[in-house]
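A.B. asks: When you get a sec, could you give me coordinates for this:
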Amino acid sequence: MDRLTIVGLLVAIAAIFGGQVLEGGSITALMNPAAFVIVVGGSFGAVMIQTHLRTFLKALKILVWVFKPPVQPVAEGILKVTAWSHLARREGLLGLEKSIDQTLDPYVLKGLNMLVDGNEPDAIRNAMYIELDVSSKEFLAASRVYESLGGYSPTIGIVGAVLGLIQVMGNLTNPELLGQGIATAFVATIYGIGFANLLYLPVYHKLRAIISERSHYMEMILEGIACIAEGENPRVIEMKLEGYAGSR
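C.D. replies: Next up, the predicted model:
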């Protein structure tokens, strides 16, 4: 669990509600179902129009990463690749066949299988790089769903404000309904700006950082397996991969 995400979310909520109380207002004044439906529903609707279903579903799936990011086993990966390089040096590439475990990450498994099959280093690099590139682009496209939400939300908040003012103008002769319309107008604006800057955009940037770490790990595995195919010294391979760990 990413504690910083939880703490940041609580700090943001406390700051908004705390500021409202310090200003002498009521927390319940910020609770407006109509404004919530307009801003959140409108923002998601706009994003659904511009996004492919597959990308949208992937975006929902990776949202959990914000609270529980996948851990990239960089240190473990270095140890495994180094062990494979020693084994390949002692027994040849075919000796690696016994190291192929179907429970390994599919990306790692693909590289090992290509290595055992005797593919050229450049062929291994190209095949693994294509998979890395496509996978990274798909995840980045999914993360941009939240960037889009952050872009639409403030504008939809303004729409909600205008709708509230329309209600106000339509009830000028009925003072009892004026307050509700004005509240919807102002709260919708708060929701639009608040959701964008306290939720959607931070989620987008968090996911981008996690995807970058994932790509970094995949690139390390790619380079390690390609170096084994080139017959490099295990110690040299280990030092190269440690450079990936050091740059994190």
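A.B. asks: Distance from the chain centre to the lengthiest helix in the chain, please.
C.D. replies: Longest helix of the chain, by residue count under DSSP state H: helix 121-170. Offset of helix 121-170 from its chain centre (CA atoms, centre = their mean, to the nearest Å): 10 Å.
A.B. asks: Output the below-cut-off pLDDT ranges for the chain.
C.D. replies: 171-181, 246-248 (pLDDT under 70).
A.B. asks: Next up, the contacts around the residue nearest to the spatial centre of it.
C.D. replies: By CA atoms, centre = their mean, the mean C-alpha position of the chain lies nearest to residue 207, the distance being 2.1 Å. Residues near residue 207 by CB atoms under 8 Å, 6 or more residues apart in numbering: 62, 65, 66, 139, 142, 143, 146. C-beta: built from backbone N, CA, C; applies to glycine.
A.B. asks: Recalculate using a threshold of 7 Å.
C.D. replies: Taking CB atoms under 7 Å, 6 or more residues apart in numbering, we find residue 207 in contact with 62, 65, 66, 143, 146.
A.B. asks: just to revisit the earlier point, packing partners of the longest helix of the chain?
C.D. replies: The elements that helix 121-170 packs onto, with contact taken as 3 or more CB pairs under 7 Å, 6 or more residues apart in numbering; DSSP states H and E, are helix 42-50, helix 53-62, helix 106-116, helix 175-195, helix 201-229.
A.B. asks: Could you list the buried residues of the shortest one?
C.D. replies: Translated: helix 42-50. Within helix 42-50, the residues that count as buried by 16 or more other CB atoms under 10 Å are 42, 43, 44, 46, 47.
A.B. asks: In contact with the first one: list those residues for me.
C.D. replies: Taking CB under 7 Å, 6+ apart as the definition of contact, the neighbours of residue 42 are 156, 159.
A.B. asks: 10 Å instead, please
C.D. replies: Applying CB atoms under 10 Å, 6 or more residues apart in numbering, we find residue 42 in contact with 152, 153, 155, 156, 157, 159, 160, 188, 192.
A.B. asks: Go ahead and build a PyMOL selection from the buried members of those residues.
C.D. replies: What follows is the PyMOL syntax selecting those of these that are buried according to 16+ other CB under 10 Å:
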select buried, resi 152+153+156+157+159+160+188+192
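A.B. asks: what's the farthest-apart pair in the contacts of residue 42?
C.D. replies: Largest separation among these by CB to CB: 152 and 188, giving 13.3 Å.
A.B. asks: Now list whatever residues contact both of those two.
C.D. replies: By CB under 10 Å, 6+ apart, residue 152 and residue 188 have these common neighbours: 39, 42, 159.
A.B. asks: how about those residues in TSV, adding distance to residue 231?
C.D. replies: Output for the shared contacts of residue 152 and residue 188, formatted as TSV (distance: CB to CB, whole Å):
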residue	distance to residue 231
39	60
42	59
159	63
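A.B. asks: Out of those residues, flag the one nearest to residue 132.
C.D. replies: Scanning the shared contacts of residue 152 and residue 188 for proximity to residue 132, where the rule is CB to CB, the winner is residue 42, at 36.4 Å.
A.B. asks: circling back to that earlier point, and the contacts of residue 207, which two are furthest apart?
C.D. replies: By the measure CB to CB, 65 and 146 form the most distant pair in the contacts of residue 207, at 11.3 Å.
A.B. asks: The two: which has the busier surroundings?
C.D. replies: residue 146 (25 against 20; other CB atoms under 10 Å).
A.B. asks: Which residues are in contact with that one?
C.D. replies: Taking CB under 10 Å, 6+ apart as the test, what residue 146 contacts is 47, 59, 62-63, 66, 196, 199-208.
A.B. asks: number of nearby residues for the spatially closest residue to it that is not a sequence neighbour?
C.D. replies: Closest residue to residue 146 apart from its sequence neighbours, by CB to CB, 6 or more residues apart in numbering: residue 204 at 4.0 Å. Residue 204 is flanked by 21 other residues according to other CB under 10 Å.
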